[in-house]
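>>> would you be able to build a 3D model of this:
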Amino acid sequence: MTKSKIVILSIISIIILIITMIGIFLYNKNTELVDVNTIVTDKNYEKIIYEEVENVWNEEVLGILTIEKIGLKATVREGTSNEILNQYIGHIEGTSTYDGNIGLASHNRGGEFAFFARINELEKGDILKYQTKFYTRKYMVDNIQAIYENDWSLLEPTKENKLTLITCITNKRPQRLCVQATEIE
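Now for the predicted structure:
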């Protein structure tokens, strides 16, 4: 390889590196975690269709999540693909199904099945109910925080029974709103 080709390749490599660094800077710019108290409920939440969840048990339904404070009662199915989240609350793969830390995800805007449109209105002490084929448990909200999209620490296994609800934060693409609740007697 000639010296001129090596110089040209070096210049191209430096340009690619600079462009990559600028892209990373722009992506991470203004990604300080949002104050969860400033999150506003999507104004279109009245259009959400809450399911009639009586007699819905089949092999695909893992559970029914009910949050009376925000008028939510919807079925939970396995997975977080768009196909699932466009119609159901999704069970986050790799988290517990029944005991321990159960991870659930849903949209909060953009469609008639944005079941988590109002979870930003939850406060510590609010009650959630999760029913499966095997039990019905009540949980009390004890943690509400913003997390980064790649922070899975709040979904790690726990000895106590928890529900961890996760949804996007409007205009903060790399962030998620996380609401956790611990089982109460």
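
>>> what are the buried residues along the lowest-mean-pLDDT helix or strand in the chain?
The weakest-scoring helix or strand in the chain, judged by mean pLDDT, DSSP states H and E, is helix 3-28 (a mean of 78). Using 16 or more other C-beta atoms under 10 Å as the test for burial, helix 3-28 gives no buried residues. (C-beta placed from N, C-alpha, C; glycine too.)

>>> need the per-residue pLDDT for the residue located most distally from the centre of the chain.
Most distant from the centre of the chain: Thr2, at 53.3 Å, with distances by C-alpha atoms, centre = their mean. pLDDT, Thr2: 79.

>>> any idea which helix or strand carries the residue most central in space within the chain?
Centroid-nearest residue in the chain, with C-alpha atoms, centre = their mean: Ile166, separated by 2.4 Å. Using DSSP states H and E, the element containing Ile166 is strand 162-168.

>>> likewise for Ile64?
Going by DSSP H and E, Ile64 is part of strand 61-67.

>>> what's the angle between that strand and strand 162-168?
Relative orientation of strand 61-67 and strand 162-168, computed by axes from the mean of the first three to the mean of the last three C-alpha atoms, to 10 degrees: 80 degrees.

>>> ok now the helix or strand following strand 61-67, how far from the chain's centre?
Using DSSP H and E, the next helix or strand after strand 61-67 towards the C-terminus is strand 72-78. For strand 72-78, the separation from the chain centroid amounts to 14 Å (computed by C-alpha atoms, centre = their mean, to the nearest Å).

>>> and the angle for strand 72-78 with strand 61-67?
Going by the same axes, to 10 degrees, strand 72-78 makes 150 degrees with strand 61-67.

>>> buried ones in strand 72-78?
Leu72, Lys73, Ala74, Thr75, Val76, Arg77.

>>> which residue comes closest to the first one once chain neighbours are left out?
Residue nearest to Leu72 in three dimensions, not counting chain neighbours: Phe115, with 6.1 Å by C-beta to C-beta, 6 or more residues apart in numbering.

>>> I'd say that neighbour and Val76 touch.
No: the criterion here is C-beta atoms under 8 Å, and Phe115 misses it with Val76 at 9.6 Å.
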